[in-house]
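J.: missing the sequence, but the structure's below:
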């Protein structure tokens with residue numbers, strides 16, 4: 001089995017764990033004022049990491065609920081076992097498993113699995129992005145006013161960090177509508193699939209957006225920071241669109257008011 005097969009197997013097994021725990025009593029604790037972690041996060045991470053470790057014991061692992069396991073390998077797996085923990089904890093059926101593989105600083109493979117809808121998004125560098133066996137293509141929407149956007153609000157808003165409220169207020173008055181679904185990995189996949197025309201967010205972590213970022217670029221979209229500069233999964237801000245509305249949305253978000 002190759003990298004993609006292992007990533008898919010791990011994501012599907014993680015999804016099975018989440019479905020088995022969804023709607024059940026899950027122990028919930030806090031990593032911050034409003035940043036939750038559930039028993040399901042931990043169980044799913046163990047399942048996902050277990051699949052990868054069995055096949056690639058020497059690879060590096062960076063997982064949201066565990067300490068990054070450094071090593072000499074050039075291969076690093078970046079894992080969010082449950083993207084959408086708050087949704088999950090409240091019984092809101094929007095969450096995903098996200099897995100990416102970074103090789104020498106470049107993300108080369110990504111898998112995002114939505115176990116509720118049983119939608120499996122996959123992407124490989126230079127080989128396109130797919131939902132199942134259907135190749136993904138970003139939308140053809142050309143004007144911001146006709147666009148459906150997505151965003152989120154960082155947990156650090158409760159402790160003096162950025163809130164995203166100013167960006168949101170500018171965008172909502174210049175687009176068709178905005179959704180806030182609570183899973184950045186799925187939001188990015190939906191941009192790749194043409195369901196959303198654009199997405200921006202602040203203070204994401206590599207496990208939130210590594211796989212989804214690759215989905216968008218492989219589906220023909222554009223990913224930068226909020227000012228149009230080069231994007232890195234280790235950046236603290238992301239702007240991802242179909243490419244056609246990118247400059248217009250960037251201008252609105254950065255407008256002084």
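T.: Ah, there it is. Owing to the predicted nature of the structure, the values given are computational and were not obtained by experimental measurement.
J.: can you give me the helices in the stretch 1-150 of the chain?
T.: For the stretch 1-150 of the chain, the helices defined by DSSP state H, counting those that start in this stretch cover 3-21, 39-55, 85-89.
J.: Now do the last one: which elements does it pack against?
T.: For helix 85-89, the contact count by 3 or more Cβ pairs under 8 Å, 6 or more residues apart in numbering; DSSP states H and E identifies strand 36-38 as packing neighbours. Yep, even glycine has a C-beta here, placed from its N, CA and C like the rest.
J.: for the stretch 1-150 of the chain, which spans come out with low pLDDT?
T.: Scanning the stretch 1-150 of the chain for pLDDT under 70 picks out the ranges 25-37, 65, 67-71.
J.: run the last query once more with 80
T.: The stretch 1-150 of the chain contains residues with pLDDT under 80 at 1, 24-37, 64-72.
J.: Now do the same contact list for the closest residue to residue 66 other than its chain neighbours.
T.: Nearest residue to residue 66 in three dimensions, chain neighbours excluded: residue 45, at 6.2 Å (Cβ to Cβ, 6 or more residues apart in numbering). Counting by Cβ atoms under 8 Å, 6 or more residues apart in numbering, residue 45 touches 14, 63, 64, 65, 66, 79, 81, 82.
J.: Which entries within the residues you listed meet the buried criterion?
T.: Among the contacts of residue 45, those buried by neighbour count (16 or more other Cβ atoms under 10 Å) are 14, 63, 64, 65, 79, 81, 82.
J.: Among those, which one lies nearest to residue 216?
T.: Of all the buried ones among the contacts of residue 45, residue 79 has the smallest distance to residue 216: 19.3 Å, by Cβ to Cβ.
J.: Now that closest one: closest residue in space that isn't a chain neighbour?
T.: residue 63 (4.2 Å).
J.: Is it correct that that neighbour is in contact with residue 210?
T.: No - applying Cβ atoms under 8 Å as the test, residue 63 and residue 210 come out as separate, 11.8 Å apart.
J.: ok, now which ones touch the residue positioned nearest the centre of the chain?
T.: Nearest residue to the geometric centre of the chain (Cα atoms, centre = their mean): residue 185, 2.0 Å. By Cβ under 8 Å, 6+ apart, the residues touching residue 185 are 80, 83, 96, 98, 112, 208, 209, 211, 212.
J.: I'd like to know how far it sits from residue 174.
T.: 26 Å (Cβ to Cβ, to the nearest Å).
J.: Ok, residue 166 next?
T.: 13 Å.
J.: Those two: who's more crowded?
T.: With neighbours defined as other Cβ atoms under 10 Å, residue 166 and residue 174 compare such that residue 174 has more, 17 against 12.
J.: Quick check: the gap between the more buried one and residue 249.
T.: Residue 174 is 8 Å from residue 249, where distance means Cβ to Cβ.
J.: shared neighbours, these two?
T.: Residues touching both residue 174 and residue 249 by Cβ under 8 Å, 6+ apart: residue 144.
J.: ok, residue 127 touching residue 217?
T.: No - using Cβ under 8 Å, residue 127 makes no contact with residue 217, being 11.8 Å away.
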